[in-house]
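Novice: Kindly generate the corresponding structure for this input.
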Amino acid sequence: MMELGVHQKPLKKSNFHEIAERSINESLRILESKDWNLEMKSGEDIITSKRIPTIGKVFKYEGVVNMSPEKINNKLFYNVETAPEWNQGVEKANVIETIDNNTNVVHFVSASRCFVSSRDFVHLRAWKKKGDAIIHSSFSISHPKAPPNSTYIRAEHRFNTFILRPYRGDPSKTHLTWLMQVTLKGWMSQSITDHVITYGMADQMRDIRSI
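Specialist: A predicted model of the protein is given here:
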């Protein structure tokens, strides 16, 4: 069985859907687990975390956004190359391969933040409907069109998953859950890493709300 997470060898296109499905299922299993620790609370927005053996520290955001799940997913998935226009955490975003209407590969460059210089990521991304929810998940892979280079430190997401559900009683709003495990690479203490991730998630949610 192929291990979930970062794939050092380029994946075969025939494996893309299978591995994306495993990433989604892993995220959903983790979301159902208990014993999350509070990292930040601002109004109704809550960011928690937990450490999982063999995976590392996982962060979870939960909150309500005043736009529909479809609008959020369209912005995150189909209009990803415009992300630098509204997301202060993204410096560049380029689709390097389109697999089908629900699956693609994107090269991201993050903006520098606090003590952390820009990182780059290569994500296999996919979304699907499950019940009334839209599940949008991505994770790091290797791809020949975006090899590591000396300009950026190549960081890695095991998963970066959004679950978008219509808010109860008002389908024009979204109950948004965001689950993320990331390895930023380079030397940083755990406290700095936690700070950067927590505030980075809060800032991205602010930027999503500004769309």
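Novice: Secondary structure element for the residue positioned nearest the centre of the chain, which one?
Specialist: Centroid-nearest residue in the chain: residue 160, 2.7 Å away (criterion: C-alpha atoms, centre = their mean). In this assignment (DSSP states H and E), residue 160 forms part of strand 156-167.
Novice: so how far is that strand from its chain's centroid?
Specialist: Here strand 156-167 is found 6 Å from its chain centre; the criterion is C-alpha atoms, centre = their mean, to the nearest Å.
Novice: quick one, what contacts residue 50?
Specialist: By C-beta atoms under 8 Å, 6 or more residues apart in numbering, the contact list for residue 50 reads 33, 35, 36, 37, 57, 58, 60. C-beta here means a position set from N, CA and C on the backbone, and glycine is covered the same way.
Novice: how about 10 Å then?
Specialist: 30, 33, 34, 35, 36, 37, 57, 58, 59, 60 (C-beta atoms under 10 Å, 6 or more residues apart in numbering).
Novice: Isn't the last one up against residue 197?
Specialist: No: the pair residue 60 / residue 197 is not scored as a contact, 11.2 Å apart, by C-beta atoms under 10 Å.
Novice: Need the residues touching each of the two.
Specialist: Joint contacts of residue 60 and residue 197 (C-beta under 10 Å, 6+ apart) are 39, 47, 49, 180.
Novice: Buried residues, stretch 114-121. List them.
Specialist: Neighbour-count burial for stretch 114-121 flags 116, 119, 120, 121 (criterion: 16 or more other C-beta atoms under 10 Å).
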